[in-house]
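Asks: model this:
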Amino acid sequence: MLFRFRHCGRTTIWTRPLTKPAVETDACGIPLNPTWSVTELLSSYPTPTLSSTTFRRLHELSALIPPAEGTPEHDEMKRELEELVRLVEAVKLVKLEDQPGETIPDGRIWAEGRGLPLDNDSSRERDQDGAQGRDLLRLASQTLDGMYVVETDNKR
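Replies: Model (predicted):
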């Protein structure tokens, strides 16, 4: 069996027998040309139509002045908005399987047995000596009129 040795930076890559890859790549295995495109993917979805009323309303909500109807700018902007609507509709068609009991994973590192508190239990917000809210002000080294004072070198 023939194996090809490639060296890319400090990484050594061993590949399977010398055959033409399905996608042409450089020495590091990065495709030389795009392998897919959003435009190609979206071409399989139906093209929505945006009514003139909706087009004007979107501009109104955005506090923008729409281009005059019948102008090339109007036609181009309407076509671009229709493509955005097609993208949104395509994303909405993706079916995600609901797995009971599964939650959104928390990517932070926590000590074992601890995690992100998701409830509004105010007892967790208490300081070690039981202070919370405005009671915490008494622990500050400087306060003024019920506010914390922080010394800075910058003068305003």
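
Asks: can you pull the contacts of Glu151?
Replies: For Glu151, the set of contacting residues under the criterion of Cβ atoms under 8 Å, 6 or more residues apart in numbering consists of Gln142. C-beta here means a position set from N, CA and C on the backbone, and glycine is covered the same way.

Asks: Quick one: the helices in this structure, in order.
Replies: Ranges of helices in the chain, per DSSP state H, are 38-42, 52-61, 72-93.

Asks: Which of the residues in the last one are classified as buried?
Replies: Along helix 72-93, the positions that meet the burial threshold by neighbour count (16 or more other Cβ atoms under 10 Å) are Met77, Lys78, Leu81, Arg86.

Asks: cool, and the first one?
Replies: Residues of helix 38-42 classed as buried under the neighbour-count rule (16+ other Cβ under 10 Å) do not occur.

Asks: same deal with the second one?
Replies: Neighbour-count burial for helix 52-61 flags Phe55 (criterion: 16+ other Cβ under 10 Å).

Asks: For that helix, enumerate the helices and strands it packs against.
Replies: Using 3 or more Cβ pairs under 8 Å, 6 or more residues apart in numbering; DSSP states H and E as the contact criterion, the secondary-structure elements in contact with helix 52-61 are helix 72-93.
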